[in-house]
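Engineer: sequence below, structure please.
(2 chains)
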Amino acid sequence: MKSKARLMQGNEACVEGAIAAGMKFFAGYPITPSTEVAEIAAEKLPLVGGKFIQMEDEIASMAAIIGASLAGSKSMTATSGPGFSLKQENLGYASLAEVPCVIVNVQRSGPSTGLPTSPAQGDIMQARWGSHGDHPVIALTPSSVRETFDLTIKAFNLSEKYRVPVILLMDEIIGHMRERVELPEISEIEIIDRKKPTVSREKYLPYKADDDLIPPMAYYGDGYRFHVTGLAHDETGFPTNNPAIADKLYRRLLDKIELHKNEIIEWEEQCTDDADIVIISIGGVSRAADTAMKQLRQKGVKVGTYRPITVWPFPEKRLIELADKVNTFVVAEMNLGQMALEVERIIKDKAELIKVNKVNGEAIYPEEIIEKIEEVL
Amino acid sequence: MEMYEVRLSGSGGQGLITGGIILAEAAILDGKNAVQTQSYGPEARGGASKAEVIISTEKIDFPKIRDCDIFLSLTQKSFDQYGKNVKDNGIIIVDESIDTKSENKVIYSLPILDTAHNVLGKPMVTNIVALGVIAAITNVVSRNALEEAVLNRVPKGTEDLNKKALEMGYSIGKKAIK
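Structural biologist: Numbering: from 1, shown residues only, chains lettered A, B, ... in the order given. The predicted structure follows:
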């Protein structure tokens, strides 16, 4: 049998994953280094009966995928930092109106136009807090081409299951690199679709949640009449100023993620059993962390790695456990210390925290992590 | 573990990124692991451009290259920019038009551009000639896999031209190591 192995780019794997997950609509405004996502979606979506629209800007793209999703299509958009900033308001709308959708952000160096073709991870906190008000966030960060495929599917599945916008937080390194992948058969892939109403059209309350805190979702056009708004609303979907109802709504939005966080949160750790030092990194940087760990291990230094795959919700519980036995955490990231803030909050004073930061548009090299670690040995 | 880090450099338009993709695909056909990266930016429009490929029998962690094992340079500018970043036992393959300033390494200076431009009369196959040369000198990928990878990538109707370019590159490379 001929091997299924092939060379594939990260951005391409994202589109392949999206289509495998059932994406039928993409609206976007191409921007480096995410452009290939739009390009390949434009080529492939019509072949599976989907629609691709190049919109006039990022704000409209975000609005379009919300509309398409309400009408029943699994939807996605892709952008980079400047476009991610523009999408924030409608991202908040999708959070409040509980519209499943996937937002891909292939991070580049910023702020503003920055270094458009260079890698960065400066949007970690924007992914969490970029839209105003308390809102639920799920953000996934792939560190290989294959994982980009897998996590794009997971992004769709989580967005459908929990009715939240899900952010696929990539970086230029992973988006643009090509590597050998073997993709699974479609039959091996788990696909989750949003929960549909079981009550009659007359009795349907679009924002009445079940015990799992998730309301069943009818499609526009299915005959269930309902209202969607960015205002605080009651179970009918119509606006309300009632403090008790608003309070219940806002808390439920966060609680529905909190309740299911064990099913959502994912991380990878290597060689942490006997580690004195643990390198924490995500995305492209974790490739450097792996090399650094292996080289230091050869020299007899007990190093492990910890890689959040869901950067939001952050895999906190396991990190607290590790903090009890690890002496030093090294947080390596292509920004000036965003994830380190989160790690600091979690580990408190239980272990030392060292930062490796780089924002000049170049990748963090394994040697830079090794040097930093050797300084403290 | 067997691992080769390959840097293909020249100027934008010489097809080096396609060349890097083909090399990586050939390595996969050989049953190996491969990662391909490139520089994105203004230099892709005329200045020094590069594509990088790591080929390994093992899992490849860090995808970028510092000092390479195999360095191809097709322009003086790219040689001057990247020529220093070659391992001590690395192999350097350059177009004969390049002044290598007596680098203290193994250097093959060969008529790659002349073969594509004048012998074949098609500058667009420069990258394929270069791949043939690299494969003949270094054996980093097998000849069969390289030919299959080339034919998988090139536009329909250009198969014979590309096959010929690959053959010529291969024989130039073979002659050079005799």
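
Engineer: every contact and neighbour count from this point should use C-alpha atoms.
Structural biologist: OK.

Engineer: list the contacts of the strand or helix carrying residue A:372.
Structural biologist: For residue A:372, the element it lies in under DSSP states H and E is helix A:366-376. Residues from elsewhere that reach helix A:366-376, judged by Cα atoms under 8 Å, 6 or more residues apart in numbering or on different chains: A:288-289, A:291-292, A:296, A:330, A:332, A:356, B:62.

Engineer: mind running it again at 6 Å?
Structural biologist: For helix A:366-376, contacts defined as Cα atoms under 6 Å, 6 or more residues apart in numbering or on different chains pick out A:288, A:291-292.

Engineer: so which of those residues are also by chain B?
Structural biologist: A:288, A:291 (Cα under 6 Å from any Cα of the partner chain).

Engineer: now do the end-to-end distance for stretch B:147-159.
Structural biologist: 10 Å (Cα to Cα, to the nearest Å).

Engineer: residues in contact with that stretch?
Structural biologist: B:22, B:25-26.

Engineer: the same query, at a cut-off of 10 Å, please.
Structural biologist: B:18-19, B:21-29, B:125, B:128, B:131-132, B:143-146, B:160-163, B:165-167 (Cα atoms under 10 Å, 6 or more residues apart in numbering or on different chains).

Engineer: gap between residue A:106 and chain B?
Structural biologist: 14 Å (Cα to the nearest Cα, to the nearest Å).

Engineer: run a quick neighbour tally on that residue.
Structural biologist: 32 (other Cα atoms under 10 Å in any protein chain shown).

Engineer: can you name the residues of chain B sitting close to chain A?
Structural biologist: Residues of chain B found near chain A, taking Cα under 10 Å from any Cα of the partner chain as the criterion, are B:21-22, B:24-29, B:31-42, B:52-54, B:59-66.

Engineer: just the buried ones from those?
Structural biologist: Among the residues of chain B next to chain A, those classed as buried by 16 or more other Cα atoms under 10 Å in any protein chain shown are B:21-22, B:24-29, B:32-40, B:52-54, B:60-65.

Engineer: picking that back up, and the contacts of stretch B:147-159, which of them are in strands?
Structural biologist: Among those, no residue falls in strands (DSSP state E).

Engineer: quick check: residues of the stretch 201-350 of chain A near chain B?
Structural biologist: The stretch 201-350 of chain A has residues A:284-292, A:294 near chain B, with proximity defined as Cα under 10 Å from any Cα.

Engineer: quick one: which of those is most hemmed in?
Structural biologist: Going by other Cα under 10 Å, residue A:289 tops these with 33 neighbours.

Engineer: now the helix or strand containing it: how far from the chain's centre is it?
Structural biologist: With elements taken from DSSP H and E, the one containing residue A:289 is helix A:283-298. Helix A:283-298 sits 23 Å away from the centroid of its parent chain (Cα atoms, centre = their mean, to the nearest Å).

Engineer: show me where the chain has its helices.
Structural biologist: Went with chain A since none was named. Counting by DSSP state H, the segments of chain A that form helices are A:10-21, A:35-44, A:58-70, A:81-97, A:124-129, A:145-162, A:172-176, A:243-259, A:261-264, A:283-298, A:316-323, A:338-347, A:366-376.

Engineer: nope, chain B please
Structural biologist: B:16-29, B:76-82, B:112-114, B:126-138, B:143-153, B:159-177.

Engineer: what's the longest strand in chain A?
Structural biologist: The residue-count maximum for a strand in chain A (DSSP E) belongs to strand A:101-109.

Engineer: please name the nearest non-neighbouring residue to residue 113.
Structural biologist: With no chain named, the answer covers chain A. Nearest residue to residue A:113, sequence neighbours excluded (Cα to Cα, 6 or more residues apart in numbering or on different chains): residue A:82, at 6.6 Å.

Engineer: you answered for a different chain; I wanted chain B.
Structural biologist: Nearest residue to residue B:113, sequence neighbours excluded (Cα to Cα, 6+ apart): residue B:126, at 6.1 Å.

Engineer: stretch B:163-171: which residues count as buried?
Structural biologist: Buried positions in stretch B:163-171, judged by neighbour count with 16+ other Cα under 10 Å: B:163-170.

Engineer: picking up where we left off before, how far does the longest strand of chain A sit from its chain's centre?
Structural biologist: For strand A:101-109, the separation from the chain centroid amounts to 8 Å (computed by Cα atoms, centre = their mean).

Engineer: list the contacts of whichever residue of chain B sits closest to chain A.
Structural biologist: Closest residue of chain B to chain A, Cα to the nearest Cα: residue B:35 (4.2 Å). Listed by Cα under 10 Å, 6+ apart, the contact partners of residue B:35 are A:7-9, A:177-180, B:5, B:20-21, B:23-25, B:27-28, B:52-56, B:59-64.

Engineer: ok, it to residue A:282 distance?
Structural biologist: Counting by Cα to Cα - residue B:35 and residue A:282 are separated by 19 Å.

Engineer: so what are the domain limits for chain A?
Structural biologist: According to automatic domain parsing, chain A comprises the domains A:6-188, A:268-376.

Engineer: ok, and which of these has the densest surroundings?
Structural biologist: Most buried of those, by mean neighbour count (mean count of other Cα atoms under 10 Å in any protein chain shown): domain A:6-188, with a mean of 23.

Engineer: and it, average pLDDT?
Structural biologist: Regarding domain A:6-188, the rounded mean pLDDT is 97.

Engineer: now do the same end-to-end measure for it.
Structural biologist: The first and final residues of domain A:6-188 sit 18 Å from each other (Cα to Cα).

Engineer: check stretch B:67-82 too.
Structural biologist: Counting by Cα to Cα, you get 9 Å between the two ends of stretch B:67-82.

Engineer: show me what counts as buried in that stretch.
Structural biologist: Buried, per 16+ other Cα under 10 Å, within stretch B:67-82: B:67-79, B:82.

Engineer: rebuild the residues you listed as a markdown table, extending it with distance to residue A:249 and pLDDT.
Structural biologist: Listed next are the buried residues of stretch B:67-82 as a markdown table, based on distance: Cα to Cα, whole Å; pLDDT from 0 to 100:
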| residue | distance to residue A:249 | pLDDT |
| --- | --- | --- |
| B:67 | 57 | 94 |
| B:68 | 57 | 97 |
| B:69 | 60 | 97 |
| B:70 | 61 | 97 |
| B:71 | 61 | 97 |
| B:72 | 62 | 98 |
| B:73 | 62 | 97 |
| B:74 | 63 | 97 |
| B:75 | 64 | 95 |
| B:76 | 65 | 94 |
| B:77 | 62 | 92 |
| B:78 | 60 | 92 |
| B:79 | 63 | 94 |
| B:82 | 59 | 91 |
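
Engineer: how about CSV for the residues you listed, with distance to residue A:157 added?
Structural biologist: What follows is those, written out as CSV (distance: Cα to Cα, whole Å):
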residue, distance to residue A:157
B:67, 42
B:68, 41
B:69, 43
B:70, 44
B:71, 44
B:72, 45
B:73, 47
B:74, 48
B:75, 49
B:76, 51
B:77, 49
B:78, 46
B:79, 49
B:82, 45
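
Engineer: quick check: residue A:128 vs residue A:315, distance?
Structural biologist: Counting by Cα to Cα, the gap from residue A:128 to residue A:315 is 14 Å.

Engineer: ok, now residue A:200?
Structural biologist: Taken as Cα to Cα, the span from residue A:200 to residue A:315 is 40 Å.

Engineer: do the same with residue A:295
Structural biologist: Computed as Cα to Cα, the residue A:295 to residue A:315 distance reads 26 Å.

Engineer: same question for residue B:60.
Structural biologist: Counting by Cα to Cα, the gap from residue B:60 to residue A:315 is 26 Å.

Engineer: I'd like the buried residues of stretch B:163-171 laid out as CSV, including pLDDT.
Structural biologist: Converted to CSV, the buried residues of stretch B:163-171 look like this (pLDDT from 0 to 100):
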residue, pLDDT
B:163, 98
B:164, 98
B:165, 98
B:166, 98
B:167, 98
B:168, 98
B:169, 98
B:170, 98
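
Engineer: export those as CSV, with columns for distance to residue A:365.
Structural biologist: Supplementary listing: the buried residues of stretch B:163-171 in CSV, determined by distance: Cα to Cα, whole Å:
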residue, distance to residue A:365
B:163, 38
B:164, 40
B:165, 37
B:166, 35
B:167, 38
B:168, 38
B:169, 35
B:170, 35
